[in-house]
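In: Make a model of this:
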Amino acid sequence: VSTQSTWEPTVATDHMATEQERPDSPLVRAWRPEFSAKAAAAADGGELPKATAKLTLPDGRSFDLPMLEGTIGPAVIDIRNLYAQAGVFTYDPGFTSTAACDSTITYIDGPAGLLLHRGYRIEELAEKSDFEEVTFLLLYGHLPSTTEKEQHSRTIKKELMVNQKLLHFYEGFKSDAHPMAIMVGVMGALSAFFMDSLDIRSAKSRMLSAYRVIGKISTIAAMAYKASIGQPFVYPRKELTYAENFLYMLFAEPTEPYTLNPVVVRCMETFLILHADHEQNASTSTVRIAGSAQANPFACIASGITALWGPAHGGANEAVLEMLGQIGNKANIPLFLEKAKDKKDPFRLMGFGHRVYKNYDPRAKIMKEMCHKVLRELNIQNEPLFDLAMELERIALSDDYFIKRQLFPNVDFYSGIVLKAIGIPVSMYTVLFAVARASGWIAQWKEMIEDPQQKICRPRQLFLGELERPYVLIEDRPDAVVLSLSPYNRVGSTPANVVVEPSCPVSSSTTGQPKVVHPTEGQFVRL
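Out: Below you'll find the predicted structure:
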C-alpha cells in the first residue's frame, strides 16, 4: 500500500495479488470519504454487518442471503452459494440486476446523472485534465504528480510505434474492409509480437501490456483509416500529445505539413476523456469474461472491440448520422417526431435518452458545448446536416413529450455531429470509441486479474428445450422435403411461393385444400 492510499503493484512484484494486498479501505477513503460506516468496517477487516435478505421458495424452504454494501450505490444480495444451498438459479437476461464483480474504477448513478472515475466527476476531468492524465487515473487510482505524469506520457509515446511486420497485416484486408474489422484482427495479432508481456501473473507484464494497448491502439486505428483510403501510413511524433498524435496520424500527408487546430485538438481530447470508461457495459463485461479465462490481454481487448462494434453499443453515434440522413431536412422534423412518439412505428429517434441515465447524460452537456464551439471555430454555416441537427435538438428540447420522459440528447447525438465536423468519416466513429475505451478496458481487465476472488465466468441458463428422447435411425424418420431458400441455391431460382399439398406428412391445411406458403430468404420450409 503506497503512502497515497492507492494500490500500485511494484513492477518487480511477480505474483498475483493476495487478499491482504488489496487496501479497499484506503482506496475508498481516497476517493469517497463520506462512505457508510458498515462499508468502512468491512474494508478495515472488521465483521460484516449481519444484514440479510430472506428468500422463500414455493416448497416452503427459506434461505438467508447476505447483503453487501458498497461505498455508494444500491446494496447487493450475495447469491454465490444459492445453488449449492437451494438448488435454484436466478434469472436475469442481460444482467440488468446483477453485479458480476466489485470494482473501484467507475461509478454511475443514472437517475442523478452522475459519472465518477475514481471519485472524480467527469465534468471536472473533461474540463481540467487531458487524456493521458485520465488513463493514469484509471490505471493507478489517483491523479498523477508532475513527475508521474511525465513518466506516464513518455511511456505511452514510446508504445505508439508498431513493429514493421505488423504493417503487412493491412495488406491482407480488402480496400473496402470496415476499419473495425481491421481493428479486431490487428489488435489480436499483437499477442504474436509481444510474447514477453503475456504472463498475466506478472505485475510487470500486466502493466507493460496496459501501456502497449493504450499506446498502440491509436496507431492501429489511424493506420486502419489510412489503409481504407489508400494513403500511406503516418508515424507518430514524440513532441505531440496523445490526442495531437492521433489527429496527426489520421490527417497528415507526407507531401505537405499538417497544422493542428487547437480547438479540434481539445475536441478530440474531450471525446477521448468522455468515452474512456463507463462501468460494466457490454464491451467491458466481454473483456472481463474473456480475461476470466486467462486469455492474453490483447485477445481480451480484441473481444471488447467486437462487442463495441455492435450497433446497439458502440454504433450509436453512427446511427445518429444515418437518422439525420433519413429525416432529410428541417421541414420533415415534425413528421419524424410524431413517428418517434408512435410505439407502433419502427422509427426511433437515435441519440436521445440513455439506458442508464434516466436524467441528463452528464457527458452530453460537455459534448454539446464542444459541438457548438467546433462549429463556430470551423465556421460551419448553412450546412444542411448540421442545421438539421441543431433544429432537431431545439424542437425536441421544447417538446413536452420528450421533456416529460426525460429523453434528452445524449453524448452520441453530439459526438456524431462533432466527428462529422472535424472530418472523421462515419465508418471511423466506432473506431474512435474503441481508441478511447481501450484505457478503461485494460484498467478493468487489470483490476479483474488482480482480484483474489476472480473466477472464470460461467453463466447459467433456463433450459426450455426438448427432454431426453430416443434416437431415431434415418430410415425410420418420416419423409419430408426441406427447401433451402438461400440466394446461393444451386438448383436454380427460388420459387416465390411453395404449394403445400394436404397429403404431406405435416398437415398444411384443415380444409383439405392446398396451402400457399410465402417463405422469406434464408428460411427453411418443412413440407
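In: Thought Leu125 was touching Leu116, still the case?
Out: No: counting by C-beta atoms under 8 Å, Leu116 stays clear of Leu125, with 9.4 Å between them. Heads up, the C-betas are built off the backbone N, CA and C, glycines and all.
In: Compare those two and say which one has the larger neighbour count.
Out: Leu125 (24 against 20; other C-beta atoms under 10 Å).
In: number of nearby residues for Ala221?
Out: 25.
In: Where does it sit, in terms of helix or strand?
Out: helix 203-229 (DSSP states H and E).
In: Name the surrounding residues that touch the helix or strand following that helix.
Out: Next along the chain after helix 203-229, taking DSSP H and E as the criterion, comes helix 242-251. For helix 242-251, contacts defined as C-beta atoms under 8 Å, 6 or more residues apart in numbering pick out 130-132, 153, 156-157, 160, 218-219, 221-223, 225-226, 233-237, 240, 258, 260, 264-265, 268-269, 272, 423-424, 435.
In: again, only using 6 Å
Out: Under the contact criterion C-beta atoms under 6 Å, 6 or more residues apart in numbering, helix 242-251 has outside partners Phe131, Glu132, Ser218, Ala222, Tyr225, Val234, Pro236, Leu240, Leu260, Val265, Met268, Glu269.
In: Same question for stretch 155-168.
Out: With C-beta under 6 Å, 6+ apart, stretch 155-168 has contacts from Phe193, Tyr211, Arg212, Ile214, Gly215, Lys216, Thr219, Pro236, Lys238.
In: and it, which residues are buried?
Out: Thr155, Ile156, Lys157, Glu159, Leu160, Val162, Leu166 (16 or more other C-beta atoms under 10 Å).
In: Tell me the helices and strands packed up against the host helix or strand of Val374.
Out: Using DSSP H and E, Val374 sits within helix 362-377. Secondary-structure packing of helix 362-377 (3 or more C-beta pairs under 6 Å, 6 or more residues apart in numbering; DSSP states H and E): helix 262-274, helix 411-421.
In: Not counting the helix or strand that the first one is followed by itself, show me its contacts.
Out: Next in sequence after helix 262-274, counting helices and strands by DSSP H and E, comes helix 282-292. Contacts with helix 282-292, where a contact means C-beta under 6 Å, 6+ apart, come from Cys300, Ser303, Gly304, Ala307, Leu308, His313, Trp441, Gln444, Trp445, Met448, Ile456, Cys457.
In: ok, now with 7 Å
Out: With C-beta atoms under 7 Å, 6 or more residues apart in numbering as the contact definition, helix 282-292 has outside contacts at 100-101, 299-301, 303-304, 307-308, 313-314, 437, 440-441, 444-445, 448-449, 454-457.
In: For the buried ones among the residues you listed, write the corresponding ChimeraX selection.
Out: The ChimeraX selection below is limited to those of the contacts of helix 282-292 classed as buried (16+ other C-beta under 10 Å):
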select :101,299,300,301,303,304,307,308,314,437,440,441,444,445,448,449,454
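In: What ranges does the stretch 1-150 of the chain have for its helices?
Out: Using DSSP state H, counting those that start in this stretch, the helices of the stretch 1-150 of the chain run over residues 24-31, 37-43, 82-86, 122-128, 131-140, 146-158.
In: taking the mean pLDDT, what do you get for the first one?
Out: In this model, helix 24-31 has an average pLDDT of 35.
In: quick thing: my sequence starts at 34, can you match it?
Out: Renumbered: residue one is now 34, and that last one reads helix 57-64.
In: of the contacts of stretch 188-201, buried ones?
Out: Applying 16+ other C-beta under 10 Å to these flags Tyr244, Arg245, Ile247, Gly248, Lys249, Thr252, Pro269 as buried.
In: No more questions from me, cheers.
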